[in-house]
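# sequence and computational prediction follow.
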Amino acid sequence: MASEYTKPYEDKMNKTLAALDSDYATIRAGRANPHVLDKIMVDYYGAPTPINQVGNITVPEARMIQIQPWDKSMLKAIEKAINMSELGIHPGNDGTVIRLIFPELSEERRKDLNKEVKKKAEASKVAIRNIRRDAMDTFKKMEKKKELTEDDLKDLEEETQKMTDKYIADIDKKCEAKCKDILAV
């Protein structure tokens, strides 16, 4: 009985976790990861378009990403978009492909990235707790309107709290794994 009431809130918590995953994928940890380009948009004939839709992205070496646009006239636009992004890497353009060489991360940069990872994790935890609060408020209103019994309310609150604890533990695991990845030299 309880799961039909908590399902929408669990879906929201899942989306929060998925958003954290995509945020973490864009944080570079010393190795070349094509996902760092996911949020960079290129002006493709007047329309903002993700880089992966205007060219082929490959990782030929551990610290290099290579972008080969399908249309050679896009080289300058891709280069400009990367330079304007917060990636902090200057693209090398040889006339046919763009290469991004990822330097070793300095100790200071690693610490900054670690802080950023923890900040994103904390924001996700706040979002999860807000979803829990919304669920609890909804259940209490339902009980006041006599749509739920007092026992049902107690069960729903317990189930929601267990769900919240599970998602917060998942966030902590993801945060710890990403921090470990960043600090690994």
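Done, it's in. Numbering: from 1, shown residues only.

# so for this protein, the centremost residue is which one?
With distances taken as Cα atoms, centre = their mean, residue 23 lies nearest the centre of the chain, 2.0 Å away.

# for that residue, what are its contacts?
Shown in contact with residue 23 (Cβ atoms under 8 Å, 6 or more residues apart in numbering): residue 120. The way it works is simple: take the backbone N, C-alpha and C, and place the C-beta from them, glycine included.

# element containing it?
Assigned by DSSP states H and E, residue 23 belongs to helix 2-25.

# could I have the CA atoms of the helix or strand just after that helix written out in CSV?
Using DSSP H and E, the helix or strand that follows helix 2-25 in sequence is strand 41-44. The C-alpha coordinates for strand 41-44 follow below in CSV (Å, rounded to 0.1, in the frame of the first residue of the first chain):
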residue,chain,number,x,y,z
MET,A,41,27.5,24.0,-26.9
VAL,A,42,28.8,25.0,-30.3
ASP,A,43,27.1,27.6,-32.6
TYR,A,44,26.1,25.3,-35.4
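
# for the residue of the chain positioned farthest from its centre, phi and psi?
Distance from the C-alpha centroid of the chain peaks at residue 146, with 40.3 Å (Cα atoms, centre = their mean). When read as degrees, to the nearest 10, the backbone of residue 146 gives phi 70, psi 20.

# domain assignment for the protein?
2-25+106-183, 34-101 (automatic domain parsing).

# for those, which has the smallest mean pLDDT value?
Lowest mean pLDDT within the domains of the chain: domain 34-101, at a mean of 85.
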